[in-house]
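K.L.:
Starting from these lines, generate the structure:
(3 chains)
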Amino acid sequence: MAAAKKEPFIRLAKRDVMPVGKKIAVRLISLAIALIVCGLLIFSITGINPLEVYSTMIKGAFGTKTRVWATVKEMMMLACIAIGLAPAFKMRFWNIGAEGQVLIGGIVTAGCMIYLKPLPPVLLFAIMFVGSAIAGALWGLLPAIFKAKYNTNETLFTLMMNYVAIQLTSFFVAKWENPFGSNTVGIINQNGQEGWFPAVFGSRYFISVVLVLLLAVLMFVYLKYTKHGYEISVVGESENTARYAGISVGWVVIRTMLVSGALCGLAGFMAVAGASHTISTSTAGGRGFTAIIVAWLAKFDSATMLLISLLLAFLQSGAGEIASKCKLNSYASEMITGIILFFILGSEFFINFRVIMRGKKEKEEN
Amino acid sequence: MSEAVISLSNVTKSFGEVLANDNVSMDIYKGEILSLLGENGSGKTTLMNMLSGIYYPDSGEIKVNGKTVNIRDPKDAFACGIGMVHQHFKLVDVFTAAENVVVGIKQKGHFDLRSVAAGIREICDKYGFVMDPDKKVYDMSVSEKQTLEIIKVIYRGADILILDEPTAVLTPQETEKLFSVIRNMKKDGKTVVIITHKLHEVLSISDRVAILRKGAYIDAVATKDATEESLTEMMVGEKVELNIERPEVKDKKLRLKVEHLSCYNADGVKMLDDVNFEAFSGEILGIAGVSGNGQKELLESVAGLQNTMPGASIEYYSPEDEKSRELIGLTPRKIRELGVHLSFVPEDRLGMGLVGSMGMSENMMLKDYSEGNSIFTDKQKPKELAEQILKELKVVTPGISTPVRRLSGGNVQKVLVGREIAASPAVLMTAYAVRGLDINTSYTIYRLLNEQKTSGVAVIYVGEDLDVLMELCDRILVLCGGRVSGILDGKSAKKEDIGRLMTTYGGGKENK
Amino acid sequence: MEGFISLFQAAVFFGTVIMFGCVGEIITEKAGNLNLGVPGIMYLGGISSLVAVFLYEGSTQNPSPVICVILALAASFIGAALGGLIYAFLTISLRANQNVTGLALSIFGSGVANFFGGSLNTLAGRFEQIAVPVTSAAFRSNISVLADLGVVGKLFFSYGFMVYLAIILALVVNYFLHHTAAGLDLRTVGENPQAADAAGINVTLNKYLAICIGAGICGFGGAYYVMDYIKGTWANDGSIEKLGWLAVALVIFATWKAKNAIWGAYLFGVLYWMYLYIPGLTRASQEIFKMLPYVVTIIVLVVTSLTNSREKQPPAALGQAYFREDR
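P.N.:
Below you'll find the predicted structure:
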């Protein structure tokens, strides 16, 4: 009989609003716990003491100028895709297809580098820039059209488009194979460096950095201050409200996916022309998926997206260093990234809910 | 009277900063029909949800049959013999009636839906229900769904039934049928609690009335000692003039003429069937009908949000030049661009009329944000409008940038109605404009609508409370099955006539 | 004929991996949770079974095939279910977004699996190629009497036991979901958690169980892939990930019915391997042919969105977190 039962052990209640300072504190605490857990994990596998783990990681990520640039390059790639995804996700359009959109942008860039080598550099860059953006946009357009017209589930549509893009990449890799039989494209234009981003202030990645920062600012303004941005917010909140307000929902979905796809295509352009100078199925390297989480956690705010990208890039470079030091493989960074994402995702709970323990009036967690 | 089957003492529950129930102590007696009366937001449902295990009290004690109990979830509630029929039905659309009834019950032996069906028929015979155990919920009418919910609760052996606003979606005739079932249950020894805010129902069905106001328990009285006036006073805390004004306006002009309007919904069901009517300036045209009989589609067709069948015509007569404009086939944006002054307060306030996550200020520009050639939105004008509405309608909010989702229902409606009126409409359409609002806010809305009417606006008022429709509206159009079954004069209309038309398809001229 | 038989066999091998994933994901989705972590979970299942039997086979002179099989299955189920548990805790108890959590789980699972897959030798202090010959042989052994029955034997009896286990599991899950009281309760949780709660069903418990058991079944897919499909070794080529996503797609193809997953999985297999049996393809154009299963999934997606059948829709509350006191 219920009479004998005790009050529930833990109960939840929704919070109204948490002050900004406290919100940041919750997230920092969760991050700190995540880092401690990762440190212990690495310790248990490798036996390196956790403090040393982090100093090794910092050295790995920021130890030399080259490493700093490598980390920054990784951060910019991730941030660029996240910035591209932001408008789509703000519209609640689950664009899981960034991976494919990046690859398509990369294919077009690589194609330009191979076939349009003799063009003057400015023209070549212009074509690569525009071409990769258009390719990414078209890749995003297809699921958007079906979503707008028939309400086809975009999550799985864009997901499948990734694999279509991967097969397409494999096709071009086989076509552009160099040297023959290697099943890779090799470094494109190794001698003349046609279509490579030139070095500015001593780094080839400088242009990428400027480009991504510019995109970050533009996206911030676009979402916050323009009519398009307003439409995206309304559609994301409720399609009925959007229709009521006279917004053409289908058109906004299509237009926003064109923007989103185009920016992801540009990320592919940066990856090929600005960094690897080759194309393979791992050109996107799972960043299309990671960037979704970056955009989501940042609530589509440009500055936060940059910060989270930096954190993840740091983890990757750092974990790579540890792996090579202990002759382990570099997938350790994915494992650590996963753990940290779990903690940050979980921490949102403490921002939205209050936990009430049995027998106590109310207990504030964190 | 007899002994208390449930007794609450000092029960308190809050949601965030909102205190929903404040130290409530009350008794429910065995075998009675108790009305739990209170305004919207007075905490009736919250209180009963603590008996049905949906909410857990912050503090206080609940006794069932004299024993202290802890009702942590609905299972505990069933064990105490308490069953609740919620206002929002808790049914699975793709399941049959029998599947919905048996769900969650640990059956002995193997899974057998036939014995469940037999059990359902037995309950139906005993209390006078009609229900096909194999019918899918998505094929059911609202009143069938409610019947199923009641059967579900009885099947689980509940002795204490709590019904939350059971008549909100029923016609007067269906309400009578429900009441006779409730009386049968009382004869059978069951205890019934009805949550309601409709006074005449309280007086006709219950033995006793318990009143809540702003989360606090006020008093309980025997129904035979109560009048509508005394109950209202206890409910609101002050004397309230219950009359709604109906000012006379001379010189009415045609504003809207709807002819042969038909449309289908996404499932291919005909929602409007050859609807014809006119709306005039200086009058309030009421639209009555059981909810889901085409009201929503009718307003949305005029607003440009529905695909209508060919042959329909919706003509708008502009107050400026008295010329007519055809609205059929136009999008809401096009309608605005034609210079049509049409305002629309939809039924779903946060899901259609407003953006819940945005503040008052950003919501003000929802319909005209696109004006002007700049690619940027103008933030200044909406801000001023928001501040003006905040002041004039006394909206309670921490600030004009607080997401409107966090405001109370009444304040949300003030924001929405305020914006729609600020657009100085020639035609103002409202759907269930006072649903869920407390009495004072409801009267504010009636006052605003009357102000619009006297200033020459054609007001269309879709309502569910027939008493209000009869007091407020100049003419009442009754919809049934998507057809106009009659248009009555507001002053002379009788409730029974409206009720009959609500269930007579096409006014009885032809049968479906 | 030879070509047909080998295509059929390849399709069965391929289909079995995604059938496990699909059946597991159907249970999860029927409880109202869209778990995009299937690839990660399959990775976890695969690596757990590999690590377990690698350690076992390395620790004894004469490993018993029966113990190997039991160990591999148990380890894959537990490893995958633990992955499911992380997802369940985050999405059910902490109400994190399901899609994002699923993606994080995919990253995590692939990281863990490839990390250990690539470092197992170093960590175990052994330097030979990873191989678990006894277990792999046990997984791949068939009943030779039946397998030798000519064409019929080749088509239907030439496989390891996991192929048949997948079919049986799909049928059992189908029966459970549609013909038992507990299945009805579980479907209620996925369709309308409020209704389930009001009916006295423990929503949280049902979701946890469905997700963890569903994940465990996905894990079998990983184990089958490692032990049978690639014959007891490890490959860092991202194949499991690809298969995991196909399993998610198959759920839609099967319209959330486990019995449809059986033929759907084999059909995907046929589409995937078709290129090998089409004459005159270059290596480049083969890659284009490998798009087929994905393209077909897209077409199925579009077609199902065009038809508005009430019975073919996803669970109504799929993707939504449930909080009883939500107002």
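K.L.:
Distance of B:Ser115 relative to chain A?
P.N.:
Between B:Ser115 and chain A the distance is 27 Å, computed by CB to the nearest CB, to the nearest Å. Every residue, glycine included, has its C-beta placed from N, CA and C.
K.L.:
The strand or helix carrying that residue: which residues count as buried?
P.N.:
Element membership of B:Ser115 [criterion: DSSP states H and E] is helix B:113-127. Applying a neighbour-count criterion of 16 or more other CB atoms under 10 Å in any protein chain shown, one finds B:Leu113, B:Val116, B:Ala117, B:Gly119, B:Ile120, B:Ile123, B:Cys124, B:Tyr127 buried in helix B:113-127.
K.L.:
Next: stretch C:60-69.
P.N.:
Residues C:Pro63, C:Ile67, C:Cys68, C:Val69 are the ones in stretch C:60-69 that count as buried (16+ other CB under 10 Å).
K.L.:
Ramachandran coordinates for the first one?
P.N.:
This points to C:Pro63. Reported as degrees, to the nearest 10, the phi and psi values for C:Pro63 are phi -60, psi 140.
K.L.:
Just to check, it is in contact with C:Ala52?
P.N.:
No: contact criterion CB atoms under 8 Å: C:Pro63 and C:Ala52 do not qualify, at 11.6 Å.
K.L.:
okay, the buried residues of helix B:113-127 in JSON lines with pLDDT next?
P.N.:
Below are these laid out as JSON lines (pLDDT from 0 to 100):
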{"residue": "B:Leu113", "pLDDT": "85"}
{"residue": "B:Val116", "pLDDT": "90"}
{"residue": "B:Ala117", "pLDDT": "92"}
{"residue": "B:Gly119", "pLDDT": "91"}
{"residue": "B:Ile120", "pLDDT": "93"}
{"residue": "B:Ile123", "pLDDT": "91"}
{"residue": "B:Cys124", "pLDDT": "91"}
{"residue": "B:Tyr127", "pLDDT": "88"}
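K.L.:
Let me know the closest of these to chain C.
P.N.:
B:Leu113 (9.2 Å; CB to the nearest CB).
K.L.:
is it true that that closest one touches B:Val102?
P.N.:
Yes: counting by CB under 8 Å, B:Val102 is a contact partner of B:Leu113 at 6.9 Å.
K.L.:
State the three-state secondary structure for C:Val226.
P.N.:
Secondary structure, DSSP: H, G, I helix; E, B strand; the rest coil: C:Val226 is helix.
K.L.:
distance of it from chain B?
P.N.:
37 Å.
K.L.:
In helices only, show me the buried residues of stretch C:60-69.
P.N.:
C:Ile67, C:Cys68, C:Val69 (DSSP state H).
K.L.:
distance of the residue in the stretch 1-150 of chain A that chain C sits nearest to from chain B?
P.N.:
The nearest approach of the stretch 1-150 of chain A to chain C comes at A:Tyr150, 4.7 Å away (CB to the nearest CB). Per CB to the nearest CB, A:Tyr150 is found 12 Å from chain B.
K.L.:
which parts of the very next helix or strand once past the helix holding B:Ser115 are buried?
P.N.:
For helix B:113-127, the following helix or strand on the C-terminal side (DSSP H and E) is helix B:142-155. Going by neighbour count (16+ other CB under 10 Å), the buried part of helix B:142-155 is B:143-155.
K.L.:
Which of these sits closest to chain C?
P.N.:
Out of the buried residues of helix B:142-155, the member with the shortest distance to chain C (by CB to the nearest CB) is B:Lys152, at 7.6 Å.
K.L.:
show me what contacts the closest one?
P.N.:
By CB atoms under 8 Å, 6 or more residues apart in numbering or on different chains, B:Lys152 lies in contact with B:Gly83, B:Asn100, B:Val101, C:Ala199.
K.L.:
and the last one, how many neighbours?
P.N.:
To tie it back to what came earlier, the one meant is C:Ala199. Neighbours of C:Ala199 under the rule other CB atoms under 10 Å in any protein chain shown: 25.
K.L.:
Am I right that it is in contact with C:Thr188?
P.N.:
Yes: between C:Ala199 and C:Thr188 a contact is recorded at 6.8 Å, counting by CB under 8 Å.
K.L.:
Need the overlap of contacts for these two.
P.N.:
Taking CB under 8 Å, 6+ apart as the criterion, C:Ala199 and C:Thr188 both touch B:Val103, B:Gly104.
K.L.:
Spell out which parts of the stretch 151-300 of chain A neighbour chain C.
P.N.:
A:151-153, A:155-157, A:159-164, A:167-168, A:170-172, A:174-175, A:286, A:289-290, A:292-293, A:296-297 (CB under 8 Å from any CB of the partner chain).
K.L.:
and if we set it to 7 Å?
P.N.:
Residues of the stretch 151-300 of chain A found near chain C (CB under 7 Å from any CB of the partner chain) are A:151-153, A:155-157, A:159-160, A:163-164, A:167, A:170-171, A:174-175, A:286, A:289-290, A:292-293, A:296.
K.L.:
For B:Val345, see how far away the most centrally placed residue in chain B is.
P.N.:
With distances taken as CA atoms, centre = their mean, the residue of chain B nearest its centroid is B:Arg435 (4.8 Å). Using CB to CB, to the nearest Å, B:Arg435 is found at 11 Å from B:Val345.
K.L.:
A:Leu141 too?
P.N.:
A:Leu141 is 37 Å from B:Val345, by CB to CB.
K.L.:
Compare those two (neighbour count), which wins?
P.N.:
B:Val345 (24 against 17).
K.L.:
ok, the residue of the stretch 101-250 of chain B found nearest chain C - contacts?
P.N.:
Nearest residue of the stretch 101-250 of chain B to chain C (CB to the nearest CB) works out as B:Gly104 at 3.3 Å. Residues near B:Gly104 by CB atoms under 7 Å, 6 or more residues apart in numbering or on different chains: C:Asp185, C:Ala196, C:Ala199, C:Gly200, C:Ile201.
K.L.:
Most neighbours among those, which one is it?
P.N.:
The most crowded member of those, judged by other CB under 10 Å, is C:Ala196 (29 neighbours).
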